[in-house]
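In: Build the 3D model from these lines:
(3 chains)
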Amino acid sequence: MPEGHMIHRVARDHNRLYRGQQLSVTSPQGRFQASATKLDAKTLERVDAYGKHLFYWWAGDQVLHIHLGLYGKFRNHRSPPPTPRGAVRLRVIGDTHAFDLNGPTACELITPTQQIAIADRLGADPLRKDADIEQAWSRISRSRSVIGKLLLDQSVIAGVGNVYRAEALFVNQLAPERAGQTLDRNQFDSLWQTLVAMLRIGVKYNRIITADPDEVGKPPSRMNRSERLLCYKKECCPRCKTAIKSWELGARKMYACPACQV
DNA sequence: AAGAATGTTATGTA
DNA sequence: CTACATAACATTCT
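Out: Predicted structure coming up:
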């Protein structure tokens, strides 16, 4: 489920619900990265999101690094939380709220130095104010690699996943197979602005919505799964009705309109 | 109910 | 050095 918007949403929610509190941190199903349990009853100072990575800063300079990978999932509860569902790797309990974490790729205690190293290798995050847009432009404008792959490269742009890649290229009418170096500055800027807008909407509604609610005729919260997207997993192009083409690109399934995207 | 999936990293090859 | 392919890993949803 996770693209950058969800990670930033979690950071926002968890800062609101848990910041400054003394929390109980346990690992109910044991086997996964049990070092997290060393954090039993610590004070949470803040939660940061960089791309798809989360960092929980605790008193005593300990950082809990979480990456959801493809399957990882947070489940929120009221305190006290119910019996764990599935393989809960991490359970955090506060006075009023609690959450479980299932199936993450990473859930590990790291040092502030390691945190910097991880953040440093990530590219510009459209949801962060400190995003280095020039660096993203520099990487893309010099690359012979294809824009459909570059968008998934977290060291170029951090936080974009398979859905936003398809949707952003569709909106900008860019063919995924175009080499990065063939984009001009205006096209890059427009693509970037699309990503910023899309991800912000994602954080706001906690789901990916790239279709225009006015066109659909429903408020964003009421839109069906298929109504929310323009191109990803669609049968035909909403602009010209041409059949959407799908193929593997960068080891993930790409969707694009062969007529509109050039 | 099998298969796909909103991901990353490590490793090998050209 | 860059680019690309592949495998490994985790679990939920349809």
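
In: What sits closest to the single nearest residue of the stretch 51-200 of chain A relative to DNA strand B if chain neighbours are left out?
Out: Across the stretch 51-200 of chain A, the shortest distance to DNA strand B (C-beta to the nearest atom of the strand) belongs to residue A:161, at 1.7 Å. Yep, even glycine has a C-beta here, placed from its N, CA and C like the rest. Of all residues not flanking residue A:161 in the chain, residue A:3 sits nearest, at 3.6 Å (C-beta to C-beta, 6 or more residues apart in numbering).

In: The one you found touches residue A:158, doesn't it?
Out: No: assessed by C-beta atoms under 8 Å, residue A:3 is found out of contact with residue A:158, at 10.7 Å.

In: Please say which of those two ends up with more neighbours.
Out: Each of residue A:3 and residue A:158 has its neighbours counted (other C-beta atoms under 10 Å); residue A:158 has more, 25 against 21.

In: which phi and psi does that one have?
Out: phi -100, psi 130 (degrees, to the nearest 10).

In: residue ranges with poor pLDDT in chain A?
Out: Within chain A, the ranges that satisfy pLDDT under 70 run A:1, A:29-37, A:40-41.

In: Run through the strands of it in chain order.
Out: Per DSSP state E, chain A carries strands over the ranges A:22-26, A:42-50, A:53-58, A:62-67, A:73-78, A:88-93, A:97-102, A:106-110, A:245-249, A:252-256.

In: Just put the ones you listed in JSON lines and tack on distance to residue A:233 and mean neighbour count.
Out: Formatted as JSON lines, those follow (distance: least, C-beta to C-beta, whole Å; neighbours: other C-beta atoms under 10 Å):
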{"stretch": "strand A:22-26", "distance to residue A:233": "38", "mean neighbour count": "16"}
{"stretch": "strand A:42-50", "distance to residue A:233": "26", "mean neighbour count": "19"}
{"stretch": "strand A:53-58", "distance to residue A:233": "26", "mean neighbour count": "21"}
{"stretch": "strand A:62-67", "distance to residue A:233": "25", "mean neighbour count": "21"}
{"stretch": "strand A:73-78", "distance to residue A:233": "21", "mean neighbour count": "15"}
{"stretch": "strand A:88-93", "distance to residue A:233": "29", "mean neighbour count": "22"}
{"stretch": "strand A:97-102", "distance to residue A:233": "24", "mean neighbour count": "21"}
{"stretch": "strand A:106-110", "distance to residue A:233": "28", "mean neighbour count": "17"}
{"stretch": "strand A:245-249", "distance to residue A:233": "8", "mean neighbour count": "14"}
{"stretch": "strand A:252-256", "distance to residue A:233": "6", "mean neighbour count": "19"}
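
In: now those as a markdown table including distance to residue A:136?
Out: Shown next, in a markdown table, are those (distance: least, C-beta to C-beta, whole Å):
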| stretch | distance to residue A:136 |
| --- | --- |
| strand A:22-26 | 35 |
| strand A:42-50 | 14 |
| strand A:53-58 | 17 |
| strand A:62-67 | 21 |
| strand A:73-78 | 28 |
| strand A:88-93 | 32 |
| strand A:97-102 | 30 |
| strand A:106-110 | 24 |
| strand A:245-249 | 19 |
| strand A:252-256 | 20 |
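
In: pull the CA atoms of stretch A:53-70 into CSV?
Out: Output of stretch A:53-70 as CSV, limited to C-alpha atoms (Å, rounded to 0.1, in the frame of the first residue of the first chain):
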residue,chain,number,x,y,z
HIS,A,53,11.0,6.1,5.1
LEU,A,54,9.9,6.9,8.7
PHE,A,55,12.1,7.9,11.5
TYR,A,56,10.9,7.9,15.1
TRP,A,57,13.2,10.0,17.3
TRP,A,58,13.3,8.9,20.9
ALA,A,59,14.8,10.4,24.0
GLY,A,60,18.4,9.3,24.3
ASP,A,61,19.3,9.7,20.6
GLN,A,62,17.7,6.5,19.5
VAL,A,63,16.1,6.4,16.1
LEU,A,64,13.6,3.8,15.0
HIS,A,65,13.7,3.4,11.2
ILE,A,66,10.7,2.0,9.5
HIS,A,67,10.1,1.1,5.9
LEU,A,68,6.9,-0.6,4.8
GLY,A,69,8.1,-2.2,1.6
LEU,A,70,5.4,-3.6,-0.5
